[in-house]
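>>> Please find the sequence and the predicted model below.
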Amino acid sequence: MGSGAAKAPPAMSPGDLLILEAEKERNRELEEMFKLLEAKHKGVEEELLQTKQKLEAEKEAAHLAAEEARAAREKSEAEIKYLNQERDHLTHEVSETRDKADLKLQELQDMMPTDDLAKERARRNEQMALDVKAKDLEEERLFLLSQHEPMEQEAQSLRKQFAKVYEEPAALAAEVQIAKLSDLKEQLAKFDEKSKALRERQETLAKRQEELAKENEEVRAKTEESKLREGYEVQEPCHRGVRLGSLLDFFQEHCGDITFEGGDMRKPLCLATKLTRRCHQDNQANRKRTKPLSPNTFAVEKLFIRHLNEEHGSSVSGVWNGEPVQAEIFVSHCWTEDFGDFCQGLCRLALSIIAREAPWIPQEEVFVHAKELAFFIHAFSDNLLHEAPPDLKDCPVHQVLESKTTKTLVLSLPEDASSLMRAWCNVELFLAKELGKEIVLNTRFGPLLEQPGREHQVQVLISFLVEVIPDIDFKKSQSWYEEDMLKLLSHMTDYVGPGTASGLNILEALKNTMADIVASQSLAVLAQSGKALQVKAALDCRADPNARDGFGVAALTSAAGYYGEGSEVAQLLLAHGASPEALVSASEVLAMRSPEEATRVQAMAVIGELVKEEEHHVHAPALAAARREHARRLVEERLPQLRNNNEHNSNNKDDDNNNNNNHNNNNNN
């Protein structure tokens with residue numbers, strides 16, 4: 001049982017293409033609008049950058065103005081100093097002139113006679129000339145003083161400006177900063193308004209995108225619903241697989257509850273509580289019904305499957321999948337089996353497959369992978385409203401079994417073994433055997449070959465299966481519809497097969513095939529019980545004495561390992577042709593499945609050396625299975641410890657990072 005084949009993408013209808021093109025066009029429009037908004041946002045950012053640059057330029061200009069004011073003040077002070085020097089010089093010069101005039105006058109007075117009027121007049125004229133010159137000098141001085149006052153005022157003004165710029169920088173900076181901040185706040189307010197408008201536009205676009213996505217989903221859902229209502233169905237029967245996840249979702253919603261035995265994820269329990277109540281209610285409403293409903297597939301078909309077939313015009317798998325799903329496992333079962341037991345058995349089978357194919361997957365993830373396995377189940381994979389073809393070869397059941405992609409047939413065995421008495425199950429099992437498919441007998445506990453044969457309930461179940469083998473008779477088998485029985489009889493009468501049926505009466509061959517399969521798989525588990533009577537009954541029913549259980553252990557190896565080579569069961573098997581090689585190191589073979597890791601490792605080492613010898617290949621399948629189980633146990637036992645170590649290391653790393661950050665902060669401080 002391998003993994004599913006790659007799925008081919010479903011073909012798109014013209015309507016889907018139109019919807020897809022419209023969606024692409026809307027997406028392009030939204031992208032263009034978003035680009036425009038990004039451009040606007042970029043423009044706003046550039047405008048803000050320009051504003052900042054302008055403010056920086058203004059600040060630089062203010063600095064230059066302050067420098068110019070300081071230079072003007074220095075120039076004014078120099079001019080004032082020069083004028084003061086000129087004034088002092090003129091004052092000194094006037095004083096000297098007066099002194100000279102006085103001395104000259106005194107000299108003239110000393111030299112001039114008192115009656116010499118001419119000389120007196122000359123002296124006076126000279127005095128008057130000196131007075132005029134002194135007056136002119138005084139006027140010039142006053143003029144200079146008048147010119148000095150505005151210059152002094154201008155210098156005082158420049159001095160005040162200088163004080164504001166340099167002597168009171170904080171006040172000037174605050175004043176300028178307030179003005180600049182005011183301008184900046186106004187610009188930022190405008191920018192915030194633009195940003196807010198941009199965000200609102202982006203939110204509007206996002207909401208519109210969500211609305212478009214919802215509209216697309218609604219259109220797609222309506223399209224799918226329309227397809228289903230119009231009878232959408234996968235044509236190839238082998239592509240109508242039912243995923244285990246879909247089946248379990250259906251079970252939980254309509255039929256019952258799913259729990260786990262002892263919390264073990266490998267042992268799910270499916271209890272059809274809801275379905276049982278629905279059956280009770282339906283039986284109460286229809287008390288005159290000759291056959292009351294029971295919580296089985298018949299009830300599921302009547303209460304749920306039929307309505308889905310009528311509403312959608314397709315199989316249930318078509319409703320659930322809406323696309324082709326490859327089914328590699330064909331399920332044969334009796335509709336009278338408890339539906340909870342049926343689903344539980346399939347679930348445990350799927351978990352066993354995943355654990356065998358990928359033992360390294362953690363236990364909590366195995367269930368997730370198991371849900372992806374797909375089965376062909378007639379009740380869910382076929383539209384039951386369609387009339388079946390008259391020829392069995394044209395029926396979906398036959399086509400799926402013939403398909404090369406179908407690897408396995410699973411026969412679900414209820415506790416009453418009723419599926420062994422059903423005509424359809426007989427034919428399906430026979431055809432699968434003839435076509436070379438793997439046959440798995442499955443119970444509500446999981447695959448029969450994987451059950452612990454030393455447990456009492458398993459012994460009772462398998463002993464009963466061996467007891468009913470002689471009762472298997474296709475002519476006496478049951479079918480709900482007479483035309484089905486006639487169809488199967490006609491096909492089996494004309495059938496010529498290459499395998500078991502070759503050279504035999506077909507009905508005898510069918511009986512032998514059923515006996516071989518049931519007896520051999522029962523024997524492989526019964527050998528673990530040590531009950532010689534039941535083992536002999538299985539051997540008398542054509543059981544293969546070299547049969548192996550689901551873990552590759554030969555029946556003789558189990559008998560010898562548990563009860564010794566001389567035990568009655570071991571001798572019975574040898575008498576019926578079991579290979580004596582299976583006796584070698586039988587106890588070590590069983591020890592490979594010990595719960596103790598050291599015991600397992602030691603036993604696998606012994607059998608590994610033994611298998612290398614050509615004459616002891618009989619234990620090779622058991623060794624391979626034991627290694628897979630050992631890997632699974634290691635994952636289950638050590639994964640929690642590894643996770644805890646990772647969390648611990650992660651926490652330590654976080655602590656180290658925090659300590660480093662604190663150390664860096666301290667250094668910075």
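Yes, it's here.
>>> which ones are touching V569?
When contacts are counted by Cβ atoms under 8 Å, 6 or more residues apart in numbering, V569 touches 527, 530-532, 535, 559, 563. From N, CA and C alone the C-beta is placed, and that goes for glycine too.
>>> Can you show me the helices along the stretch 501-650 of the chain?
506-526, 532-540, 555-563, 568-575, 586-591, 597-611, 620-668 (DSSP state H, counting those that start in this stretch).
>>> Relative to A71, which of those is closest?
helix 620-668 (43.3 Å; Cβ to Cβ).
>>> measure A22 to W335 for me?
The gap separating A22 from W335 is 47 Å, by Cβ to Cβ, to the nearest Å.
>>> Who has more neighbours out of these two?
More neighbours surround W335 than the other of A22 and W335, with 19 against 14 (other Cβ atoms under 10 Å).
>>> Within the helices and strands, which one has the more buried one?
Here W335, judged by DSSP states H and E, is contained in no helix and no strand.
>>> May I have the phi/psi pair for it?
phi -70, psi -10 (degrees, to the nearest 10).
>>> Tell me who's in contact with it.
Counted by Cβ under 8 Å, 6+ apart, W335 has contacts 296-298, 301, 379, 480.
>>> Alpha carbons of stretch 67-75, as CSV, please.
Provided in CSV are the C-alpha atoms of stretch 67-75 (Å, rounded to 0.1, in the frame of the first residue of the first chain):
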residue,chain,number,x,y,z
GLU,A,67,27.1,87.2,11.4
GLU,A,68,26.4,90.3,9.3
ALA,A,69,24.9,92.1,12.4
ARG,A,70,28.0,91.3,14.4
ALA,A,71,30.2,92.6,11.6
ALA,A,72,28.1,95.8,11.3
ARG,A,73,28.3,96.3,15.1
GLU,A,74,32.1,96.0,14.9
LYS,A,75,32.2,98.5,12.0
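>>> so how far is it from its chain's centroid?
Computed by Cα atoms, centre = their mean, to the nearest Å, the chain-centroid distance of stretch 67-75 equals 73 Å.
>>> List the buried residues for it?
69-70, 72-73 (16 or more other Cβ atoms under 10 Å).
>>> what's the farthest-apart pair in those?
So, the buried residues of stretch 67-75 by Cβ to Cβ: farthest apart are R70 and A72, at 7.3 Å.
>>> tally of neighbours for the residue lying closest to I472 once chain neighbours are set aside?
The spatially closest residue to I472, leaving aside those adjacent along the chain, is M514, at 4.9 Å (Cβ to Cβ, 6 or more residues apart in numbering). Neighbourhood size, M514 [other Cβ under 10 Å]: 23.
>>> same deal with the one 10 residues further on?
Residues contacting A524 under the criterion other Cβ under 10 Å number 27.
>>> so it touches P545, yeah?
No. In this structure, A524 is not within contact of P545 by Cβ atoms under 8 Å, at 10.2 Å.
>>> Could you pull out the residues contacting both of those two?
A555.
>>> if we can go back for a sec, now restrict the contacts of W335 to buried residues only.
296-298, 301, 379.
>>> Endpoint to endpoint, stretch 523-539 covers what distance?
7 Å (Cα to Cα, to the nearest Å).
>>> what about T557, distance to L590?
In terms of Cβ to Cβ, T557 sits 8 Å off from L590.
>>> for K35, same thing?
Applying Cβ to Cβ to K35 and L590 gives a distance of 72 Å.
>>> what about T405, how many neighbours?
Using other Cβ under 10 Å as the criterion, the residues surrounding T405 number 15.
>>> For the chain, name the helix or strand with the lowest mean pLDDT.
Scoring the helices and strands of the chain by mean pLDDT, DSSP states H and E places helix 117-162 at the bottom, with a mean of 57.
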